[in-house]
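Chemist: Please find the sequence and the predicted model below.
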Number of protein chains: 2
Amino acid sequence: MKVSMHAMSVDVFAHTLVNLSWILEKAAASAAQRKFDPAVLLGARLAPDMHPLTRQVQIASDIAKNSVARLAAQEPPRVEDTETTIDQLRARLARAIDYLRSIPASALEGSETRDIKVPAGDRTFEFKGLEFLQRWAIPNVFFHAVTAYDILRHNGVELGKGDFLRGGRDP
Amino acid sequence: MKVSMHAMSVDVFAHTLVNLSWILEKAAASAAQRKFDPAVLLGARLAPDMHPLTRQVQIASDIAKNSVARLAAQEPPRVEDTETTIDQLRARLARAIDYLRSIPASALEGSETRDIKVPAGDRTFEFKGLEFLQRWAIPNVFFHAVTAYDILRHNGVELGKGDFLRGGRDP
């Protein structure tokens, strides 16, 4: 057990996406139990100019996948944004998790000093790999994953922090 | 620039708390501009059984401080939960940031294999240091910091992801 770029990206992100998928499963069950269309949750947002749940999940999944690909100097698998159901979103998360787990630790060796460029609108952010992980990839994945949780909590889905941290499992 | 327990805890958490303080500064300005008591924001929550903003900030700050202390096998400075203003919350964040930055990289050397016990209600979670950082400390700090952001965004404070990631600064 060693701290490494792999341990702090692939492991952290896969775990987070697994938990996000669990939270979506609870959301689907909550909609069924409360007898409303789960698509209502997919379109829910915390402010009119924030992304709805579907987009939060898509972005969390993409940033995890694309960040690890950048660190590994690989081209990430492209994914179309076509999901309209919770099952489809969970399938997207499953594919991202599979991709993350396909990246061996060796592919990220030395990535802490790799030059990473992130195009963002009309700007390009430039990082070394370590700083990219600390200040871009990790905060960004959690930004969207926690916001997905918050949207569901705000809409009455019974969730607690343990669902987010452990997906209902023991640690 | 080397990936290490220090880089992935002290650096990540200090950066996150700095950005959280910046977000609170924008919240105070927003309340002043919209002419309401900023205490309304401090008591705001996303669901009746979620913590309000004040508590989210206190917990984010405590988990960052206490997690690094645990990894360093130190007793963390104790803090009373007495804040009633945004300025006081920002002072608490500043003290936590000072504490984090007082921990040298050497204090966390080898902490990836340290045994860490986390009392949580009537249970105790046991981790090795690396897993504690991956699955407890990092997700937990972001859980509360992002929820603080989401509470403010939900209450009309003009914020964007750049405020959360960079506190309005260049990366």
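Modeler: Ah, there it is.
Chemist: how close does the residue of chain A positioned farthest from its centre sit to residue B:38?
Modeler: Taking CA atoms, centre = their mean as the measure, the residue most remote from the mean C-alpha position of chain A is residue A:35, 27.7 Å away. In this view, residue A:35 and residue B:38 are 40 Å apart by CB to CB, to the nearest Å. All C-beta atoms are positioned from the backbone trio N, CA, C, and that covers glycine.
Chemist: And residue A:116, by the same measure?
Modeler: The gap separating residue A:116 from residue B:38 is 38 Å, by CB to CB.
Chemist: Compare the two (neighbour count), which wins?
Modeler: More crowded of residue A:116 and residue B:38, by other CB atoms under 10 Å in any protein chain shown: residue A:116, with 20 against 17.
Chemist: if we can go back for a sec, quick one: pLDDT of the residue farthest from the centre of chain A?
Modeler: If you check residue A:35, the pLDDT there is 98.
Chemist: give the contact list for it.
Modeler: Residues near residue A:35 by CB atoms under 8 Å, 6 or more residues apart in numbering or on different chains: none.
Chemist: Next one: it from residue A:42, what distance?
Modeler: To residue A:42, residue A:35 is 17 Å away according to CB to CB.
Chemist: for residue A:63, same thing?
Modeler: Distance of residue A:63 to residue A:42, computed by CB to CB: 19 Å.
Chemist: Same question for residue A:34.
Modeler: Going from residue A:34 to residue A:42 by CB to CB gives 15 Å.
Chemist: For these two, work out which one has more neighbours and name it.
Modeler: Neighbour count, other CB under 10 Å: between residue A:34 and residue A:42, residue A:42 has more, with 23 against 11.
Chemist: Give me the spatial nearest neighbour of that one, chain neighbours excluded.
Modeler: Ranked by CB to CB, 6 or more residues apart in numbering or on different chains and with sequence neighbours excluded, the top spatial neighbour of residue A:42 is residue A:54, at 4.6 Å.
Chemist: what number of residues lie near the one you found?
Modeler: Neighbours around residue A:54, by other CB under 10 Å: 23.
Chemist: for residue A:33, same thing?
Modeler: Neighbourhood size, residue A:33 [other CB under 10 Å]: 10.
Chemist: From residue A:163, how far out is it?
Modeler: 16 Å.
Chemist: What's the first helix or strand after the host helix or strand of the residue nearest to residue A:42?
Modeler: Assessed by DSSP states H and E, residue A:54 sits inside helix A:53-71. Next in sequence after helix A:53-71, counting helices and strands by DSSP H and E, comes helix A:86-102.
Chemist: Can you list the buried residues in that following helix?
Modeler: Going by neighbour count (16 or more other CB atoms under 10 Å in any protein chain shown), the buried part of helix A:86-102 is A:86, A:89, A:90, A:92, A:93, A:96, A:97, A:99, A:100.
Chemist: Could I get the residues you listed in JSON lines, plus columns for distance to residue B:68 and pLDDT?
Modeler: Output for the buried residues of helix A:86-102, formatted as JSON lines (distance: CB to CB, whole Å; pLDDT from 0 to 100):
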{"residue": "A:86", "distance to residue B:68": "37", "pLDDT": "98"}
{"residue": "A:89", "distance to residue B:68": "35", "pLDDT": "98"}
{"residue": "A:90", "distance to residue B:68": "34", "pLDDT": "98"}
{"residue": "A:92", "distance to residue B:68": "34", "pLDDT": "98"}
{"residue": "A:93", "distance to residue B:68": "30", "pLDDT": "97"}
{"residue": "A:96", "distance to residue B:68": "30", "pLDDT": "97"}
{"residue": "A:97", "distance to residue B:68": "29", "pLDDT": "97"}
{"residue": "A:99", "distance to residue B:68": "32", "pLDDT": "97"}
{"residue": "A:100", "distance to residue B:68": "27", "pLDDT": "98"}
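Chemist: element containing the closest residue to residue A:116 other than its chain neighbours, please.
Modeler: Distances taken as CB to CB, 6+ apart place residue A:132 nearest to residue A:116, at 4.3 Å, with adjacent residues excluded. Element membership of residue A:132 [criterion: DSSP H and E] is helix A:129-132.
Chemist: on contacts alone, who are the packing partners of that helix?
Modeler: Using 3 or more CB pairs under 8 Å, 6 or more residues apart in numbering or on different chains; DSSP states H and E, the elements in contact with helix A:129-132 are helix A:53-71, strand A:115-120.
Chemist: Kindly calculate the angle that the longest one makes with strand A:115-120.
Modeler: Relative orientation of helix A:53-71 versus strand A:115-120 (axes from the mean of the first three to the mean of the last three CA atoms, to 10 degrees): 150 degrees.
Chemist: Pass me the low-pLDDT residue ranges in chain A, would you?
Modeler: When residues are selected by pLDDT under 70, those of chain A lie in A:1, A:170-171.
Chemist: Where is the longest helix in it?
Modeler: Longest helix in chain A, counting residues (DSSP state H): helix A:12-34.
Chemist: That one to helix A:53-71, inter-axis angle?
Modeler: Using the same axes, to 10 degrees: helix A:12-34 against helix A:53-71 is 170 degrees.
Chemist: Alpha carbons of helix A:12-34, as PDB, please.
Modeler: What follows is helix A:12-34, C-alpha atoms only, in PDB (Å, rounded to 0.1, in the frame of the first residue of the first chain):
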ATOM      1  CA  VAL A  12     -10.300   7.500  -5.300                       C
ATOM      2  CA  PHE A  13     -12.400   8.200  -8.500                       C
ATOM      3  CA  ALA A  14     -13.600   4.600  -9.000                       C
ATOM      4  CA  HIS A  15     -14.700   4.400  -5.300                       C
ATOM      5  CA  THR A  16     -16.500   7.700  -5.700                       C
ATOM      6  CA  LEU A  17     -18.300   6.700  -8.900                       C
ATOM      7  CA  VAL A  18     -19.300   3.300  -7.300                       C
ATOM      8  CA  ASN A  19     -20.900   5.300  -4.500                       C
ATOM      9  CA  LEU A  20     -22.500   7.700  -6.900                       C
ATOM     10  CA  SER A  21     -24.100   4.700  -8.700                       C
ATOM     11  CA  TRP A  22     -25.400   3.400  -5.300                       C
ATOM     12  CA  ILE A  23     -26.900   6.800  -4.600                       C
ATOM     13  CA  LEU A  24     -28.700   6.800  -7.900                       C
ATOM     14  CA  GLU A  25     -30.000   3.300  -7.200                       C
ATOM     15  CA  LYS A  26     -31.500   4.700  -3.900                       C
ATOM     16  CA  ALA A  27     -32.900   7.600  -5.900                       C
ATOM     17  CA  ALA A  28     -34.700   5.200  -8.300                       C
ATOM     18  CA  ALA A  29     -36.100   3.300  -5.300                       C
ATOM     19  CA  SER A  30     -37.300   6.500  -3.700                       C
ATOM     20  CA  ALA A  31     -39.100   7.600  -6.800                       C
ATOM     21  CA  ALA A  32     -40.800   4.200  -7.100                       C
ATOM     22  CA  GLN A  33     -41.800   4.200  -3.400                       C
ATOM     23  CA  ARG A  34     -43.100   7.800  -3.600                       C
END
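Chemist: Fine, thanks again, bye for now.
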